[in-house]
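J.: Sequence and predicted structure are below.
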Amino acid sequence: GAVVSQHPSRVICKSGTSVKIECRSLDFQATTMFWYRQFPKKSLMLMATSNEGSKATYEQGVEKDKFLINHASLTLSTLTVTSAHPEDSSFYICSATPPRANNEQFFGPGTRLTVL
Amino acid sequence: DAKTTQPPSMDCAEGRAANLPCNHSTISGNEYVYWYRQIHSQGPQYIIHGLKNNETNEMASLIITEDRKSSTLILPHATLRDTAVYYCIVRVAPGKLIFGQGTELSVKP
């Protein structure tokens, strides 16, 4: 099946710094990718839809200036958590659907962010 | 958006069939039902999806009621590696999945 990777797998940063998370589709091109976050013992929450070559679409309640999304190529989307605070600590997961994949969405392995 | 309701947890004996129910009573006629599972601290894994007809693949079977208001995911011979959280999702738009709370399935020896 199609492969979606994320980097880094885990990151620890100090409060007030910015952190960039990369999501790559390794063997297919994706005009659209999705970003989710997940708190411990909770379900995944869709944050935004990343669109190649245009602005991301954010879900209600998600601060676009806090979570910057860039989808500069057909295989790479980045999520930057700006001025991170402890409450931003979470598991961030991206996903994408390959062409002709019968609408099956492939998820990355996730990035564990801990803000001290 | 159509919402789904699943039991929070279930147990299953290893080697037996695991039947995971899902209610989606507000589903629209053109909305698909998807099932994913998530093993602890990993990204979700696609299992199966369907619209009206029952579906089967190498992982599982999906039984959708005639009125489409509920469905059941069947793992025919559960193994310890099937222990995970199983999510039943009604797809609201291409690629856009809204996750519910899921069912935590524990497969026991």
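T.: Yep, that arrived.

J.: Return the distance of stretch A:90-99 from the chain's centre.
T.: 6 Å (C-alpha atoms, centre = their mean, to the nearest Å).

J.: residues making contact with it?
T.: A:2, A:4, A:6, A:21, A:23, A:25, A:28-30, A:32-39, A:44, A:50, A:77, A:79, A:103-113, B:41, B:43-44, B:94-95, B:97 (C-beta atoms under 8 Å, 6 or more residues apart in numbering or on different chains). All C-beta spots, glycine's among them, are computed from the backbone N, C-alpha and C.

J.: Would you mind listing the buried residues in it?
T.: By 16 or more other C-beta atoms under 10 Å in any protein chain shown, the buried positions in stretch A:90-99 come out as A:90-98.

J.: What residues does chain A have near chain B?
T.: Neighbours of chain B within chain A, by C-beta under 8 Å from any C-beta of the partner chain: A:4, A:32, A:34, A:36, A:43-46, A:49, A:91, A:93, A:95-97, A:103-110, A:112.

J.: Report whether stretch B:4-11 contacts chain A.
T.: No. Judged by C-beta under 8 Å from any C-beta, stretch B:4-11 and chain A are separated, with a smallest distance of 10.4 Å.

J.: end to end, how far does that stretch reach?
T.: Using C-alpha to C-alpha, to the nearest Å, one end of stretch B:4-11 lies 20 Å from the other.

J.: what's the answer for stretch A:38-56, then?
T.: Stretch A:38-56: ends 19 Å apart by C-alpha to C-alpha.

J.: quick one, strands of chain B?
T.: Ranges of strands within chain B are B:9-13, B:18-23, B:33-38, B:45-50, B:55-56, B:61-64, B:70-75, B:84-90, B:103-108, based on DSSP state E.

J.: possible to save those strands as TSV with mean neighbour count and mean pLDDT?
T.: Shown next, in TSV, are those (neighbours: other C-beta atoms under 10 Å in any protein chain shown; pLDDT from 0 to 100):
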stretch	mean neighbour count	mean pLDDT
strand B:9-13	14	97
strand B:18-23	20	97
strand B:33-38	24	95
strand B:45-50	19	93
strand B:55-56	15	96
strand B:61-64	19	97
strand B:70-75	20	97
strand B:84-90	24	95
strand B:103-108	18	97
